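> Sequence and predicted structure below; questions after.
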Amino acid sequence: MLINYYSVKVTSIPSILFAHSFHTDGYEYERSLQYNHFEISSMEQGVVHRHYNYNVDIDIPEYSISIQFPSKDCLFSQTCADYHSHNTVGFVCENTIAKISKEEIIELTNMHENSFPWESEKDSSISFIFPNLLLPSDDTIKVRNLCKQIIQEFNTTNPKLRQLACVSSLFSLFKLLTDISCKQILEQQAASRRYVPANALYAKQAMLYINAHVDEKISTDQIANHLGISVGYLSNIFKQETHQTLIKYINNAKIKKIIDLVNHQNMSFYQAGKVVGIEDAPYLSRLFKKTYGISYRDYIDHFKKFERHNGS
């Protein structure tokens, strides 16, 4: 199975072209993706055989995630199954793409431990890591669910506002793909190390506690007390098992909740921040940019321009 990873430098706000769930009794498809066009697909039923005109063949299993990148090379996809279905989000954005090695991913992960995906110091671009294929796993379920969320948002929102409604979820999808890519590489690197099941259980319980109390002010002391272990021990095993710090996981959970409240509960950004226990507005703004690589102000300004351009 040919699985590659790519550094994707995003230099503009993505715009969704389509987001749909597709099914058919037979599937044959030939095309090339040009003009900054990406497609992220969650395969449901029917293995897809994909042939590229540079003589590379890939089988895309059921329940896997396939990412197609902009390319002038034509690809032909078909399935031998009687029935095929998938979910796809297609979007365009200005970008720079480069194939990246596993060693480079490990180095970048170490360099940008507290700000990943990373923001360029020279311009306003953000860089992510995308795989061309994710095989079925718990991670692909997360990607599939997020794709379905974007499809629902895109097709149930006022057309003039659908880009605004979907872009935060799309950036969340980019970040999820980056996190999964880095996690896969780090897990492969650590495969030969001794595995301690109890550590994984503690890390899992810590994540469950954080997600259940995301609306509260959460401290590492609280979590450690809940689990009956020391803060130092918890911090070490959590980093070992999840490749991120407890604080980073807490902040990511809170920002994700804030975005959900803004999009679905008609709250302002700062009102949603207070709901999850972040009352310092400047800190919230910094945290948003650190987590998603784009400031909330720039995010809003862009879509005000978008709405004016479309006459809303």
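It's in.
> Extract the C-alpha set from stretch 132-151 and format it as PDB.
Below are the C-alpha coordinates for stretch 132-151, written out as PDB (Å, rounded to 0.1, in the frame of the first residue of the first chain):
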ATOM      1  CA  ASN A 132      -2.700  10.600   0.600                       C
ATOM      2  CA  LEU A 133      -4.400   7.700   2.400                       C
ATOM      3  CA  LEU A 134      -5.500   6.700   5.900                       C
ATOM      4  CA  LEU A 135      -6.400   3.000   6.400                       C
ATOM      5  CA  PRO A 136      -9.400   2.100   8.500                       C
ATOM      6  CA  SER A 137      -8.900   2.800  12.200                       C
ATOM      7  CA  ASP A 138     -10.500   4.800  15.000                       C
ATOM      8  CA  ASP A 139      -8.800   7.900  13.500                       C
ATOM      9  CA  THR A 140     -10.500   7.400  10.200                       C
ATOM     10  CA  ILE A 141     -13.900   7.400  12.000                       C
ATOM     11  CA  LYS A 142     -13.100  10.800  13.400                       C
ATOM     12  CA  VAL A 143     -12.200  12.100   9.900                       C
ATOM     13  CA  ARG A 144     -15.400  10.500   8.400                       C
ATOM     14  CA  ASN A 145     -17.600  12.100  11.100                       C
ATOM     15  CA  LEU A 146     -16.000  15.600  10.500                       C
ATOM     16  CA  CYS A 147     -16.500  15.200   6.700                       C
ATOM     17  CA  LYS A 148     -20.200  14.400   7.300                       C
ATOM     18  CA  GLN A 149     -20.500  17.400   9.600                       C
ATOM     19  CA  ILE A 150     -19.100  19.600   6.900                       C
ATOM     20  CA  ILE A 151     -21.400  18.100   4.300                       C
END
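> give me phi/psi at the residue of the chain most remote from its centre?
Going by C-alpha atoms, centre = their mean, the residue of the chain most distant from its centre is residue 228, 32.4 Å out. Per-residue torsions, residue 228: phi 80, psi 30 (degrees, to the nearest 10).
> now it: how far from residue 241?
17 Å (C-beta to C-beta, to the nearest Å). C-betas here are computed from N, CA, C, even on glycine.
> Next: residue 50.
34 Å.
> Equivalent analysis for residue 85, please.
From residue 85 to residue 241 the distance is 34 Å (C-beta to C-beta).
> tell me which element residue 105 falls in.
With elements taken from DSSP states H and E, the one containing residue 105 is helix 102-111.
> swap that for residue 16, sorry
Using DSSP H and E, residue 16 falls in strand 15-24.
> List the buried residues of that strand.
For strand 15-24, the neighbour count (16 or more other C-beta atoms under 10 Å) marks 16, 19 as buried.
> Please apply the same query to stretch 64-84.
64, 65, 66, 67, 68, 69, 70, 75, 77, 78, 79, 84.
> what does the model give the residue lying closest to the last one once chain neighbours are set aside for pLDDT?
Distances taken as C-beta to C-beta, 6 or more residues apart in numbering put residue 46 closest to residue 84, at 3.2 Å, once the chain neighbours are dropped. As summarised for this prediction, residue 46 has a pLDDT of 86.
> what's the answer for residue 151, then?
pLDDT, read off for residue 151, is 95.
> Contacts only, for it.
19, 20, 21, 87, 89 (C-beta atoms under 8 Å, 6 or more residues apart in numbering).
> Tell me who's in contact with the last one.
Going by C-beta under 8 Å, 6+ apart, residue 89 touches 16, 18, 19, 39, 40, 41, 147, 150, 151, 154, 170, 173.
> how about the residues you listed in CSV, adding distance to residue 130 and secondary structure?
As requested, those are exported to CSV (distance: C-beta to C-beta, whole Å; DSSP: H, G, I helix; E, B strand; the rest coil):
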residue, distance to residue 130, secondary structure
16, 16, strand
18, 19, strand
19, 17, strand
39, 11, strand
40, 8, strand
41, 13, strand
147, 14, helix
150, 16, helix
151, 19, helix
154, 20, helix
170, 13, helix
173, 10, helix
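> residues making contact with the helix or strand encompassing residue 128?
Element membership for residue 128 (DSSP H and E) is strand 126-131. Applying C-beta under 8 Å, 6+ apart, the contact partners of strand 126-131 are 3-10, 65, 67, 69, 100, 105, 108, 117-120, 174-175, 177-178, 180-182, 184, 293-294.
> average pLDDT for that strand?
Strand 126-131 comes out at a mean pLDDT of 92.
> Keeping just the C-alphas, turn it into PDB.
Output in PDB follows, covering the C-alpha atoms of strand 126-131 (Å, rounded to 0.1, in the frame of the first residue of the first chain):
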ATOM      1  CA  ILE A 126      -0.300  28.000   7.700                       C
ATOM      2  CA  SER A 127       1.300  24.600   7.100                       C
ATOM      3  CA  PHE A 128      -0.400  21.200   7.600                       C
ATOM      4  CA  ILE A 129       0.600  17.600   6.900                       C
ATOM      5  CA  PHE A 130      -1.800  15.500   4.800                       C
ATOM      6  CA  PRO A 131      -1.500  11.800   4.000                       C
END
